[in-house]
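*Asks:* model the structure of this input:
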Amino acid sequence: MKRPLLLIQTGEAPEPIAARFGRFADWFRRAMRLDAAEFKVVRVDAGAPLPAHASVAGAVISGSGAMVTERADWSERTARWIREAAGLQTPVYGVCYGHQLMAHALGGTVGWLAGGREIGTQVITRDAASRADGLGPLPATFPAQTTHRQSVLQPPAAAEVLASSRRDPYQLLRYGPQLLSSQFHPEFTADIMRAYISARAGALRTEGLDPDALEQDVEATEAARGLLERFARRALAAAESRQ
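*Replies:* Here you go, the predicted model:
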């Protein structure tokens with residue numbers, strides 16, 4: 001039996017957004033173009049246990065409304081699973097909260113992003129010295145969707161910085177051949193990004209941001225989205241070849 005790709009779900013979309021676009025698991029499965037049989041979801045924030053590494057092809061860790069710095073029991077339990085994954089070379093891709101949790105688990109520092117929230121479509125710039133292996137056809141600069149208030153402040157010592165934005169120097173990190181994470185959201189469509197900006201319009205205005213301008217600047221982010229699909233396909237193919 002083929003091993004599925006695991007989604008370690010650490011939160012859920014706000015209900016008005018979920019009602020329009022589906023839930024986190026739907027977004028990730030669509031972005032990775034996976035069949036239901038190729039995909040398994042574990043809601044760690046709801047107390048669900050994590051499976052044995054050998055039972056899955058790899059894992060993607062979702063975003064969350066929680067903060068890594070809260071050190072919730074379920075979050076620290078997931079951090080231990082990540083450390084075990086690194087030792088076993090289980091493929092893992094972390095997104096937003098998952099990105100920060102991977103950095104925390106592997107020895108980095110997470111905290112509040114200097115200057116406040118980053119939200120909307122941002123230009124992501126590849127590090128000129130970064131290796132291309134595993135990233136596929138990723139251009140030197142590309143747009144990606146972001147929404148976060150905390151971030152990685154210091155990556156783990158052994159991590160390679162692959163890309164940055166104007167506000168965040170650690171948008172894409174590699175921790176080893178099988179472990180990647182991005183602060184940006186490759187699973188977001190442009191419509192989902194606009195919905196997040198609209199839902200948070202009041203808070204954004206209070207923070208001195210212009211939600212109307214942010215919505216106008218949203219664009220499609222296929223290059224970022226492709227990272228997630230390539231990760232999934234590589235993890236599933238590698239697991240099948242080992243069976």
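*Asks:* all helices for the protein, in order.
*Replies:* Secondary structure of the chain (DSSP state H): helices at 15-21, 24-32, 73-88, 97-105, 190-199, 201-206, 211-216, 222-241.
*Asks:* of those, give the one that comes closest to residue 176.
*Replies:* For the helices of the chain, proximity to residue 176 was assessed by Cβ to Cβ; helix 73-88 is nearest, at 6.3 Å. C-betas here are computed from N, CA, C, even on glycine.
*Asks:* tell me which residue lies nearest the centroid of the chain.
*Replies:* Computing the C-alpha centroid of the chain and ranking residues by Cα atoms, centre = their mean puts residue 95 first, at 0.8 Å.
*Asks:* compare the helices of the chain and give me the one nearest residue 9.
*Replies:* Nearest to residue 9, of all those, is helix 24-32, at 5.7 Å by Cβ to Cβ.
*Asks:* only the buried residues of that closest one, if you could.
*Replies:* For helix 24-32, a neighbour-count test (16 or more other Cβ atoms under 10 Å) marks 24, 25, 27, 28, 29, 31, 32 as buried.
*Asks:* same check, this time on stretch 93-107
*Replies:* By neighbour count with 16+ other Cβ under 10 Å, stretch 93-107 contains the buried residues 93-106.
*Asks:* let me have those in a markdown table, extended by distance to residue 12.
*Replies:* As requested, these are exported to a markdown table (distance: Cβ to Cβ, whole Å):
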| residue | distance to residue 12 |
| --- | --- |
| 93 | 19 |
| 94 | 17 |
| 95 | 14 |
| 96 | 13 |
| 97 | 12 |
| 98 | 14 |
| 99 | 18 |
| 100 | 17 |
| 101 | 16 |
| 102 | 20 |
| 103 | 22 |
| 104 | 21 |
| 105 | 22 |
| 106 | 26 |
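*Asks:* what about this structure, any weak spots by pLDDT?
*Replies:* Across the chain, the ranges flagged by pLDDT under 70 are 129, 131-134, 243.
*Asks:* surely residue 59 and residue 85 touch.
*Replies:* Yes - the pair residue 59 and residue 85 passes the contact test of Cβ atoms under 8 Å, sitting 7.0 Å apart.
*Asks:* which one of the two has more residues nearby?
*Replies:* A direct count of neighbours by other Cβ atoms under 10 Å for residue 59 and residue 85 places residue 59 higher, at 27 against 24.
*Asks:* from residue 195, how far out is the more buried one?
*Replies:* Separation of residue 59 from residue 195 (Cβ to Cβ, to the nearest Å): 26 Å.
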